[in-house]
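> Take a look and give me a structure for this.
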Amino acid sequence: MPDTPNLIFLCIDAKSLPEIFSTGEIDRIYLNFSDPWPKDRHAKRRLTSGTFLSCYDAVLKPQGHIEFKTDNLGLFNFSMEEIPSCGWKIDAYTTNLHKDTTMNMGNIMTEYEEKFSTLGNPIYKLIASR
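Numbers count the residues shown, from 1 in each chain. Okay, here's the model as predicted:
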């Protein structure tokens, strides 16, 4: 992995981000293969729901980004609708990351990504900003 002195991995509830980081402290948030919470009644638990977007908004720099990857089409479609409805922009997206040379450039494959790709599942990715 490249030298990244300001990279932090956290295993916390994302709602706690504003308690840990100052306003505008974060450049980028990576959401990799989060739980899709497939039932409609659980939509507010999805990490791309408005509830969580407001938490990210509190800590991201004005030009900050969210990078989101999943193998779950339902979660991806939800995110493609939810993010703009909350006032965010989808800057780029792909429905097959490993066949999209631009979006795959610099991709660091996670364990889940490798597992799902091996099974033949396409990997969906989007980049969003305010």
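
> Helix or strand next in line after the lowest-mean-pLDDT helix or strand in the chain, which one?
Least confident helix or strand, the chain: helix 111-118 with a mean of 92, by mean pLDDT, DSSP states H and E. Counting by DSSP states H and E, the next helix or strand C-terminal to helix 111-118 is strand 124-129.

> So which elements touch that next one?
Applying 3 or more CB pairs under 8 Å, 6 or more residues apart in numbering; DSSP states H and E, one finds that strand 124-129 contacts strand 60-70, helix 73-85, strand 89-94. C-beta: built from backbone N, CA, C; applies to glycine.

> I'd like the ones you listed as TSV, with mean neighbour count and mean pLDDT appended.
What follows is the helices and strands packed on strand 124-129, written out as TSV (neighbours: other CB atoms under 10 Å; pLDDT from 0 to 100):
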stretch	mean neighbour count	mean pLDDT
strand 60-70	19	97
helix 73-85	17	98
strand 89-94	15	98
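
> between the least confident helix or strand of the chain and strand 124-129, what angle do the directions make?
140 degrees (axes from the mean of the first three to the mean of the last three CA atoms, to 10 degrees).

> Can you give the distance of helix 111-118 from its chain's centre?
Centroid separation for helix 111-118 versus its chain: 17 Å, with CA atoms, centre = their mean, to the nearest Å.

> Could you pull up the residues touching the spatially closest residue to residue 62 that is not a sequence neighbour?
For residue 62, ignoring the flanking residues on the chain, the nearest one in space by CB to CB, 6 or more residues apart in numbering is residue 24 at 6.7 Å. Neighbour list for residue 24: 59-62, 64 [criterion: CB atoms under 8 Å, 6 or more residues apart in numbering].

> ok, and the closest non-adjacent residue to the residue positioned nearest the centre of the chain?
In the chain, the centroid-proximal residue (CA atoms, centre = their mean) is residue 68; its distance is 2.4 Å. The shortest distance from residue 68 to any residue other than its chain neighbours is 4.4 Å, reached at residue 31 (CB to CB, 6+ apart).

> Okay, now the unreliable bits of this protein?
Across the chain, the ranges flagged by pLDDT under 70 are 1-5.
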